[in-house]
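Peer 1: My questions concern the predicted model and sequence given below.
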Amino acid sequence: MSTLEVEFLGYRVKSPIFVASGPASHDVKQIPIAQEMGAGGVVLKTVVPDKFDYMRYWPRPRYKLIDWDKKMDGKSQYFTLYSYEQAYSGSVDDYFNFVKISKSISDMMIIGSAFADEPADWIYLAKGIEDAGADAIELDISSPHRPGTLEFETHFVKAIKAVLENVKIPVLVKLAPGPDVLSQARVCAELGASAVTLCNRLRGLEIDIETGKPILHGYYAGVGGPWAKYYVFKHVAEVYNEVNISISATGGVINWIDAMKYIMLGAKTVQILSVIIVNGWESIKRINEGLLSFMEERGIENLEEVRGVASRNLVEPDLIIRWSGEKKAGPRNTFDEW
């Protein structure tokens, strides 16, 4: 009999599908909904120290669907979610209470999320999240909305090290997409992080040509959507093949096929958010059902049987079969002339 249960960071969870940090995880009322739909865990909205309290106030409106197919068979299959919001809207103490209540009303894995700029603030937030009962903490060093020009080598390595030295719960590090993902994941593993989350959204920009102004709040925003999965697939494959660290994948998941691809590339868990915003909470249930049906049809008892298979099947560049230049007899193929 097939099961979606997986082991992640020492916990046995009922599904690899987690709710990613964001607007679907900023209120305690959302926790029972995520559990009812079958999520294995929730990464709570990111908390910030008081010096960044302006990040707790979100502009209105803060979302725009771009390149939206409106509806296809009842659910959108393609879109770009353009959005701007920053931190959890309450105080730090409110957040710690949020963590505590979330754990008390669910049996899912509850992961706190934090952002700061100085090691002392990182430690304060991380210890508070741990004391509130969180199962793990995700360090959001990669938000497209983070303030300042903080760099991985000069700021975040110190932050990761400081948190790891001061908490006992597992620590995930959420990385931004780009050319440094593999090297940063390697550093995270060397420092002792339990997992990396791959990857956060990109920072982008959309304008209104009638007014000549950026839309919504008038500044850069985070962009995500189904198209994002392709570059994250690459990052997951690279890290799985070259770094000994657990992976929580996120970016572009619209259905169970996307989730299965992430697992086959090596992810232990898959975080979703945009699809919940666009297609509703039932997306979690549909993804779980699709995964389970696929497994049962093929006699796959658990996801560990297929985890990483696609990354292990990558062909080395020097072994790629290439056209020799010889023309074979047979029907003419116009593509051969290109």
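Peer 2: Yep, that arrived. Residues are numbered from 1 along each chain as shown.
Peer 1: For the stretch 151-300 of the chain, give me the ranges with low pLDDT.
Peer 2: Within the stretch 151-300 of the chain, the set of residues satisfying pLDDT under 70 is empty.
Peer 1: Any idea how many residues pack against Tyr57?
Peer 2: By the measure other CB atoms under 10 Å, the count of residues near Tyr57 is 11. Where you see a C-beta, it was placed from the backbone N, CA and C, and this is true even at glycine.
Peer 1: hang on, it packs against Ala87?
Peer 2: No - taking CB atoms under 8 Å as the definition, Tyr57 is not a contact partner of Ala87, at 9.2 Å.
Peer 1: The residue nearest the centre of the chain bridge partners, please.
Peer 2: Nearest to the mean C-alpha position of the chain, by CA atoms, centre = their mean, lies Thr250 at 2.8 Å. Beta-bridge pairing for Thr250 (DSSP bridges): Gln271.
Peer 1: if I look at it, how far off is Glu130?
Peer 2: 23 Å (CB to CB, to the nearest Å).
Peer 1: Do you have the helices of the stretch 101-250 of the chain handy? List them.
Peer 2: 119-131, 157-166, 181-191, 229-242 (DSSP state H, counting those that start in this stretch).
Peer 1: and Tyr78, which of these is closest to it?
Peer 2: Tyr78 lies closest to helix 229-242 among those, at 11.7 Å (CB to CB).
Peer 1: wait, His217 sits on Tyr63?
Peer 2: No - checked against CB under 8 Å, the pair His217 and Tyr63 is beyond contact range at 10.8 Å.
Peer 1: How many residues are close by the residue nearest to Val157 when sequence neighbours are not counted?
Peer 2: Nearest in space to Val157, with sequence neighbours left out and distances taken as CB to CB, 6 or more residues apart in numbering, is Val187 at 6.4 Å. Neighbours of Val187 under the rule other CB under 10 Å: 20.
Peer 1: the strands in the stretch 51-200 of the chain, which residues?
Peer 2: 63-66, 80-83, 109-114, 136-140, 171-175, 195-198 (DSSP state E, counting those that start in this stretch).
Peer 1: Redo the ones you listed as JSON lines? Include mean neighbour count and distance to Ile287.
Peer 2: Converted to JSON lines, the strands of the stretch 51-200 of the chain look like this (neighbours: other CB atoms under 10 Å; distance: least, CB to CB, whole Å):
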{"stretch": "strand 63-66", "mean neighbour count": "15", "distance to Ile287": "20"}
{"stretch": "strand 80-83", "mean neighbour count": "22", "distance to Ile287": "17"}
{"stretch": "strand 109-114", "mean neighbour count": "28", "distance to Ile287": "17"}
{"stretch": "strand 136-140", "mean neighbour count": "27", "distance to Ile287": "21"}
{"stretch": "strand 171-175", "mean neighbour count": "25", "distance to Ile287": "21"}
{"stretch": "strand 195-198", "mean neighbour count": "28", "distance to Ile287": "18"}
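Peer 1: out of the ones you listed, nearest to Glu151?
Peer 2: Glu151 lies closest to strand 171-175 among these, at 13.2 Å (CB to CB).
Peer 1: The closest one - contacts with which helices or strands?
Peer 2: Judged by 3 or more CB pairs under 8 Å, 6 or more residues apart in numbering; DSSP states H and E, strand 171-175 is in contact with strand 136-140, helix 157-166, helix 181-191, strand 195-198.
Peer 1: Sheet-wise, list the partners of that strand with their directions.
Peer 2: strand 136-140 (parallel), strand 195-198 (parallel).
Peer 1: I appreciate the help and will end here.
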